[in-house]
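take this sequence and fold it.
(2 chains)
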Amino acid sequence: METLKRWADLVGAGLFAVLFLALVLQVVRRFVFGVPAAWTEELAAIAFIWVIFWGAAFTLPLEAHAAVDIFVPRFGPSARRALYALGLAALAIGFLWALPGTADYLSFMLRERTPVLGWPLGVVYSVFLAFAVMVIVRCLAGIVRRGPPPVK
Amino acid sequence: MSFALWLMLAVFAGIVMLRGPIGLAMIAGGVAYLGSSGQDLGLAAEQILNSLLGSFVLIAVPMFIFAANVMNAGTISERIFAFAHALVGRFRGGLAQVNVVASVIFSGMSGSAIADAVGPGMVEIEVMSKNGRYPRAFAVAVSAASATIGPIIPPSIPMLLYALVSGTSVGALFLGGVVPGLAMAAAMMLIIAWVARRRNFPLEAPVSWREFPRILARSFLPLLMPLVLLGGIYSGAFTATEAAAVAALYALALAIFVYRALDWRGLAAILADSTRATAMVGVIICGAFVFNYALAAEQVPARVADWFTALELGPLGFLAVANLVFLTLGCVLDTTCLLLVLVPLLVPVARAVGVDLVHFGVVIVVNMMIGLLTPPYGVLLFVLSGLTGTPVRTIVRELAPFILALAALLVLLVLAPSLVLALPRLAGYAP
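Got it, this is the predicted structure:
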């Protein structure tokens, strides 16, 4: 599990490096040739999408997301645990409900291509499916797992 | 409002109350809206992905996050701190004053209050509370308050988001933040001077002016960064997104080649951290895209506009109502979420009642900085309380005068638009 996490982090770091280098290249091209290449902008936008959803799917625990501590901390540990699990269940149901529609949309987008690089949009967007599945998995794991509830 | 829209809000509020992640709760709410109004559920993914692919200006956000992480790892924060110490460390309560001045300098390079708090902010808390010179809660409060200057003095991530949803110029917004940011710093320094005298805070041995050239030389290259960044944007040499990448590149070059404070392992860790932070903000942005789709489909913006028109408010009345709404919601909701969902509803109204959109943007961002400091949902409080182990309650007690000063300044900015608009106008901004 720890090794997997390290690899997920490493891939995330690599994706971020691609995003950064695409933008650097764009600035360099602008200074050297006067006009930026359109493909660097598109690559940066694609890398941005991958950074967000790869990061959220594989490197960001649910507890690390922005969340509000107004209501839940007023209760004792076991009630807190149960309320938190209830929220996660609602979240999992929402993402599960949208999963077939999301998969349909992504497979439909396999036919479309990005304007400059010509990559199939379904492939570019596929990381979103991984994100949606991982949200469900993480919610279920959070419901099943014992231990202290997260409080700030 | 339809049943589906109410269901969306209920699902979102329910999950958030149960301490679920805000961004994911917005997406789940959007799914509930689509499902219960009989629309295609793939629309959520479509809205999110197409909006992300089309919003190039948003890519500045991860670049500013990355640049701040590099500066914090590359001893750049320490160098800025030493420079500020040589400038204002000699006054009573000097270290607290240094804290504010260092934040002003850092904010010229970073666009995020959290980056300012965890970088220079933490350095300053360590120095201030060493040997119990200052009460820890006061040190944390000063770092939290001064971190709010970060997104007001350019560059600024919240102003980028505002520019995206309002269609105003990033350059004009950035310039509009300069005077308010400096005014915030001045107000904080006055409060510190007053508190320091009353509580008899320690005096530091002054750094002799003979040492000054050496300290300046140590911090000179980082101090050039704001010039590179803003010069690039205003000369039209590059876009805000590219400028953010250049800032990160500059910080990286300093950290790796000049100061040799970063190796490959450290760089990989910074990249992975930046990915995590980008994902965290990105998920909220995605949630906002889905929410906005539902709100637009239900014609909520038009309703809000009608509601405000019926009130027959002038520009001042509108600004007063908008600020009260944001101050209230800022206590319980996330800044990104408010900027991307609520602001688009108010921008057409602001335009209709004759409020300048750059003025409105700067005022709202200052307003939301107060929200970062106020419980129950004050991100800066959480972050600094978590990092220092200081209870939120004691930080809030020390923060009270700073929050009051920021609120007073907010009123002043509302009443005197030229405080915001004078600089952009000098640079040729005309609405």
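
switch to C-alpha atoms for all contacts and neighbour counts from now on
OK.

what residue lies at the spatial centre of chain B?
Against the mean C-alpha coordinate of chain B, by CA atoms, centre = their mean, the closest residue is B:Pro151 at 3.7 Å.

test my guess that that residue contacts B:Ile157.
Yes - in this structure, B:Pro151 is within contact of B:Ile157 by CA atoms under 8 Å, at 6.5 Å.

shared neighbours, these two?
B:111-112 (CA atoms under 8 Å, 6 or more residues apart in numbering or on different chains).

can you list the residues of the stretch 151-300 of chain B near chain A?
With CA under 8 Å from any CA of the partner chain as the criterion, the stretch 151-300 of chain B comes near chain A at residues B:238, B:242, B:245-246, B:249, B:268-276, B:278-280, B:282-283.

try 6 Å
Neighbours of chain A within the stretch 151-300 of chain B, by CA under 6 Å from any CA of the partner chain: B:271-272, B:275-276, B:278-280, B:282.

tell me which of these fall in helices.
If you go by DSSP state H, those have B:271-272, B:275-276, B:278-280, B:282 in helices.

ranges for the helices of the stretch 151-300 of chain B?
Ranges of helices within the stretch 151-300 of chain B are B:157-166, B:170-176, B:178-199, B:212-234, B:240-253, B:264-297, B:300-311, based on DSSP state H, counting those that start in this stretch.

sorry, back to before: who wins for neighbours among the residues of the stretch 151-300 of chain B next to chain A?
The most crowded member of those, judged by other CA atoms under 10 Å in any protein chain shown, is B:Thr275 (33 neighbours).

now it: how far from A:Trp54?
Distance from B:Thr275 to A:Trp54, counting by CA to CA, to the nearest Å: 8 Å.

if we can go back for a sec, okay if I get the helices of the stretch 151-300 of chain B as JSON lines plus mean pLDDT?
As requested, the helices of the stretch 151-300 of chain B are exported to JSON lines (pLDDT from 0 to 100):
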{"stretch": "helix B:157-166", "mean pLDDT": "93"}
{"stretch": "helix B:170-176", "mean pLDDT": "92"}
{"stretch": "helix B:178-199", "mean pLDDT": "96"}
{"stretch": "helix B:212-234", "mean pLDDT": "86"}
{"stretch": "helix B:240-253", "mean pLDDT": "89"}
{"stretch": "helix B:264-297", "mean pLDDT": "93"}
{"stretch": "helix B:300-311", "mean pLDDT": "86"}
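
centroid residue for chain A?
By CA atoms, centre = their mean, the most central residue of chain A is A:Phe53, 2.0 Å off.

for the stretch 301-431 of chain B, what spans make up the strands?
For the stretch 301-431 of chain B, no strands are identified by DSSP state E, counting those that start in this stretch.

for stretch B:346-366, measure first residue to last.
Length of stretch B:346-366, first residue to last, CA to CA: 16 Å.

pull out the buried positions in it.
B:346-350, B:353, B:355-366 (16 or more other CA atoms under 10 Å in any protein chain shown).

and if you look at stretch B:410-429?
The neighbour-count check on stretch B:410-429 (16+ other CA under 10 Å) flags B:410-411, B:413-414, B:417, B:419-421, B:423-424, B:429 as buried.

element containing the closest residue in space to A:Met109 that isn't next to it in sequence?
Spatial nearest neighbour of A:Met109, chain neighbours left out: A:Gly122 (4.4 Å); criterion: CA to CA, 6 or more residues apart in numbering or on different chains. Using DSSP states H and E, A:Gly122 maps to helix A:121-124.

the helices in chain A, which residues?
Going by DSSP H, chain A shows helices at A:2-33, A:38-54, A:77-108, A:121-124, A:126-144.

still on that earlier bit, residues in contact with the residue nearest to A:Met109?
With contact set as CA atoms under 6 Å, 6 or more residues apart in numbering or on different chains, A:Gly122 has these partners: A:106-107, A:109-110.

ok, of the residues you listed, which one's closest to chain B?
Here the nearest of those to chain B, counting by CA to the nearest CA, is A:Leu106; it sits at 8.4 Å.

so what's that closest one scoring on pLDDT?
If you check A:Leu106, the pLDDT there is 96.

got a list of what it touches?
A:Gly122.

what comes into contact with stretch B:198-214?
When contacts are defined by CA under 6 Å, 6+ apart, stretch B:198-214 is touched by residues B:86, B:90, B:92-93.

what about B:Gly132, how many neighbours?
B:Gly132 has 9 neighbouring residues, counting by other CA under 10 Å.

can you pull the contacts of it?
Contacts of B:Gly132 by CA under 6 Å, 6+ apart: none found.

state the distance from it to B:Ala84.
21 Å.

same thing with A:Ile70?
38 Å.

just B:Trp307 next, same as before
Distance, B:Trp307 to B:Ala84, using CA to CA: 49 Å.

quick one: mean pLDDT over the helix holding A:Gly122.
95.

hmm, back to that, most tightly packed of the helices of chain A?
helix A:38-54 (a mean of 23; mean count of other CA atoms under 10 Å in any protein chain shown).

farthest-apart pair in the buried residues of stretch B:410-429, please.
Using CA to CA, these reach their maximum pairwise distance at B:Val411 and B:Tyr429, which is 23.4 Å.

low-confidence stretches in chain A?
For chain A, the stretches flagged by pLDDT under 70 are A:36, A:146-152.

how about the residues of it near chain B?
A:9, A:12-13, A:45, A:51-52, A:55-56, A:65-68, A:71, A:83-84, A:87, A:91, A:94, A:98, A:101-102, A:105.

so what touches stretch B:277-286?
Taking CA under 6 Å, 6+ apart as the rule, stretch B:277-286 contacts A:52, A:55-56, A:65, B:23, B:48, B:62.

for A:Arg80, give me its contacts.
Taking CA under 6 Å, 6+ apart as the test, what A:Arg80 contacts is A:Val72.

any chance of a markdown table for the helices of the stretch 151-300 of chain B, columns distance to B:Ala73?
What follows is those, written out as a markdown table (distance: least, CA to CA, whole Å):
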| stretch | distance to B:Ala73 |
| --- | --- |
| helix B:157-166 | 20 |
| helix B:170-176 | 26 |
| helix B:178-199 | 25 |
| helix B:212-234 | 13 |
| helix B:240-253 | 10 |
| helix B:264-297 | 8 |
| helix B:300-311 | 44 |
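
what helix or strand is B:Ala141 on?
helix B:136-147.

helices or strands next to that helix in the packing?
Here helix B:136-147 touches helix B:122-129, helix B:392-415, going by 3 or more CA pairs under 6 Å, 6 or more residues apart in numbering or on different chains; DSSP states H and E.

by contact count, what packs against the first one?
Counting contacts by 3+ CA pairs under 6 Å, 6+ apart, helix B:122-129 packs against helix B:136-147.

and the longest one, by the same measure?
The elements that helix B:392-415 packs onto, with contact taken as 3+ CA pairs under 6 Å, 6+ apart, are helix B:136-147.

rerun that using 10 Å as the cut-off
Here helix B:392-415 touches helix B:136-147, helix B:178-199, helix B:315-330, helix B:357-371, helix B:379-388, helix B:418-426, going by 3 or more CA pairs under 10 Å, 6 or more residues apart in numbering or on different chains; DSSP states H and E.

looking at the ones you listed, which is nearest to B:Leu161?
helix B:357-371 (10.0 Å).

anything in that closest one near chain A?
No - against chain A, helix B:357-371 shows no contacts by CA under 10 Å from any CA of the partner chain, the least distance being 13.2 Å.
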